[in-house]
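1. got a sequence here, can you model it:
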Amino acid sequence: MDLTGYLTSDEAAERLGINRQSLYNLANRSPDFPKPKKIGRTSLWPKEGVDAWRAQHPKRQTMKREK
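-> As a prediction, this is how the structure comes out:
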């Protein structure tokens with residue numbers, strides 16, 4: 001089985017700059033987030049899908065509070 005082009009949950013989360021639980025939350029709550037391929041109990045995420053989703057959803061800007 002060729003798994004080239006897939007990321008583990010930890011790799012996908014790191015690529016997006018989030019933790020693993022947030023990755024699963026996105027998969028369950030965001031209809032346009034790529035769905036993982038299940039190999040046994042392991043979730044593998046399509047690399048191109050994760051990158052495309054990130055391009056469509058840039059990181060949120062944080063605003064600094066003035067003191």
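
2. W45 contacts L7, correct?
-> Yes. With contact defined as Cβ atoms under 8 Å, W45 reaches L7; the gap is 4.7 Å. Yep, even glycine has a C-beta here, placed from its N, CA and C like the rest.

3. grab the longest strand from this structure for me.
-> Ranked by number of residues, the top strand in the chain under DSSP state E is strand 42-46.

4. thinking again about what came up before, neighbour count winner among W45 and L7?
-> Legend: neighbour count by other Cβ atoms under 10 Å for W45 and L7, higher for W45 (25 against 22).

5. list the contacts of that one.
-> Y6, L7, T8, S9, E11, A12, L23, P34, P36, K37 (Cβ atoms under 8 Å, 6 or more residues apart in numbering).

6. pLDDT wise, what is it at?
-> For W45, the pLDDT comes out at 96.

7. before we move on, back to that, inside strands: which ones of the contacts of W45?
-> Y6, L7, K37.
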